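here is my input; please provide its structure:
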Amino acid sequence: MPNKSRASAAALGLAALLSPLSALAATNVVTSIKPVELLVKAVASDDVNVTSLVPAGSSPHNYTMRPSQRRALENSDVIFWIGPEMETFLSRLLGGEEFRERTVSLMHGDDVPPADDTDAHHDEHEEDHHGHDDHGHDDHGHDHGAGEDPHIWLDPVLALDMARDIHQALSQLDGADTKALDANLARFEKTLKQAEEDIQHRLEPLADISLFAYHDAFTRYAGHFNLKLDGILTLNPELSPGARHIAEVQDKLRKANQPCLLTEPQFNRQWWRTITEGLDITFSTWDPLATKIESDRDGYVNFLQGIADDALTCLPENAQ
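Alright, predicted model coming up:
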């Protein structure tokens, strides 16, 4: 008669051996910012673990990584980021030999500098970026220099291109569930199209409202949904604007039709209160980094809808 204790011990030993194998079967993905994480979640199969580097309340332009986040990069199967024009803190690291081969930049174009191009840091951006011009969207200069605006995730057309790039990269990994990836991408395309139509209809009452943004992160969203963006407060979100630019913005605010300033939670609010003191302006806060959006398969679509909600608070009847 078999010894039950030995049988139980054997079963436990087998389980112990299988558990690491099961853990190793999961795919580890690291994303630079939350919006990229949302796009990965929209496309990825259920066995994909996603970690984002830039936490709530921080800026991807000048973030400093913790040691645990460096370890997450080391343990990753694939790394997704926008590119050196956006996450400047990652440029040297992802351009190195350790991470270059598993890093996917979601900003395309022949003129995009390599990740380790030191001229891509901070205010030295001089290259013209992004190869998605065939969608018919106006080009907008990035506030940090003369390059292309890197806030590509805020244009649903470009976000879909990003999702397709993510799908392609995940499909090439060993053991990828390509059927699930294909189904998830198809679902995302469908829900995104429906969301775009709904948002376009919801935003129609804003057609004559003069919108002003803290910096140009809002430009792509406004351009896609035909909103009237009349001014940008700062040319560089890391620096306070110069006196001449402040005077120009104040003049535009005075002449604007029902001006509304869209601020962002990542940056200091005090100086723009000084700029707008004495002016009849509506304020709204929106978050380009999707801080409070739940990270799930519908997260990106909910993110777009949430921005529409924030913009609609600019209507006089909705103003706080």
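
could you find the closest non-adjacent residue to W81?
Distances taken as CB to CB, 6 or more residues apart in numbering put S32 closest to W81, at 3.9 Å, once the chain neighbours are dropped. C-beta here means a position set from N, CA and C on the backbone, and glycine is covered the same way.

wait, the one you found touches S76, no?
No: in this structure, S32 is not within contact of S76 by CB atoms under 8 Å, at 11.7 Å.

who has more neighbours out of those two?
S32 (24 against 20; other CB atoms under 10 Å).

which ones are touching the more buried one?
S32 makes contact with S52, L53, V54, P60, I79, F80, W81, I82, M86, E87, L90, according to CB atoms under 8 Å, 6 or more residues apart in numbering.

so which of the residues you listed sit within strands?
Counting by DSSP state E, the part of the contacts of S32 found in strands is S52, I79, F80, W81.

in TSV: these, plus pLDDT and neighbour count.
As requested, the ones in strands among the contacts of S32 are exported to TSV (pLDDT from 0 to 100; neighbours: other CB atoms under 10 Å):
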residue	pLDDT	neighbour count
S52	96	23
I79	98	25
F80	98	25
W81	98	23
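
any chance of the residues you listed in CSV with distance to K41 as columns?
Shown next, in CSV, are the ones in strands among the contacts of S32 (distance: CB to CB, whole Å):
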residue, distance to K41
S52, 10
I79, 16
F80, 12
W81, 16
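
which of the contacts of S32 lies closest to P288?
The shortest approach to P288 among those belongs to P60, at 9.8 Å (CB to CB).

contacting residues around the closest one?
Per CB under 8 Å, 6+ apart, neighbours of P60: S32, I33, V54, I82, M86, E87, T88, F89, L289.

go again using 10 Å as the cut-off
Contacts for P60 (CB atoms under 10 Å, 6 or more residues apart in numbering) come out as 32-36, 53-54, 81-82, 86-90, 150, 266, 288-289.

out of these, which end up buried?
Buried members of the contacts of P60, scored by 16 or more other CB atoms under 10 Å, are 32-36, 53-54, 81-82, 86-90, 150, 266, 288-289.

for the protein, where's the lowest mean pLDDT among helices and strands?
Using mean pLDDT, DSSP states H and E, the weakest-scoring helix or strand in the chain turns out to be helix 4-25, at a mean of 45.

circling back: out of the contacts of S32, the closest to L185 would be?
Proximity of the contacts of S32 to L185 (CB to CB) peaks at F80, which lies at 14.8 Å.

okay, and the common contacts of S32 and S76?
By CB under 10 Å, 6+ apart, S32 and S76 have these common neighbours: T103.

find the helix or strand that the nearest residue to P156 once chain neighbours are set aside is a member of.
In this structure, P156 finds its nearest non-sequential neighbour in E196, 5.3 Å apart by CB to CB, 6+ apart. Using DSSP states H and E, E196 falls within helix 178-202.

in this structure, which residue is closest to the centre?
Closest residue to the average C-alpha location of the chain: P35 at 3.4 Å, with CA atoms, centre = their mean.

which residues touch that residue?
52, 60, 82, 151-154, 159, 162, 287-290, 293, 299-300, 303.

now, which of these lie within helices?
Per DSSP state H, helices hold the following members of those: A159, M162, G299, Y300, F303.

please point out which parts of whichever strand or helix holds Q69 sit buried.
Applying DSSP H and E as the criterion places Q69 in helix 67-74. Buried positions in helix 67-74, judged by neighbour count with 16+ other CB under 10 Å: Q69, A72, L73.

so what does it touch, helix or strand wise?
If you count contacts as 3 or more CB pairs under 10 Å, 6 or more residues apart in numbering; DSSP states H and E, helix 67-74 packs onto strand 27-31, strand 48-52, helix 91-94.

deepest of those, which one?
Sort the helices and strands packed on helix 67-74 by mean neighbour count, taking mean count of other CB atoms under 10 Å, and strand 27-31 sits at the top with a mean of 23.

what helices or strands is it leaning on?
Under the contact definition 3+ CB pairs under 10 Å, 6+ apart, strand 27-31 sits against helix 34-43, strand 48-52, helix 67-74, strand 78-81, helix 156-171.

pLDDT value on the residue nearest to V249 when sequence neighbours are not counted, please?
Leaving aside its chain neighbours, V249 sits nearest to G231 (5.3 Å; criterion: CB to CB, 6+ apart). G231 is assigned 88 on the pLDDT scale.

so, low pLDDT: which residues of the protein?
In the predicted model, the chain carries pLDDT under 70 at residues 1-25, 109-147, 235, 237-240, 268-272, 319-320.
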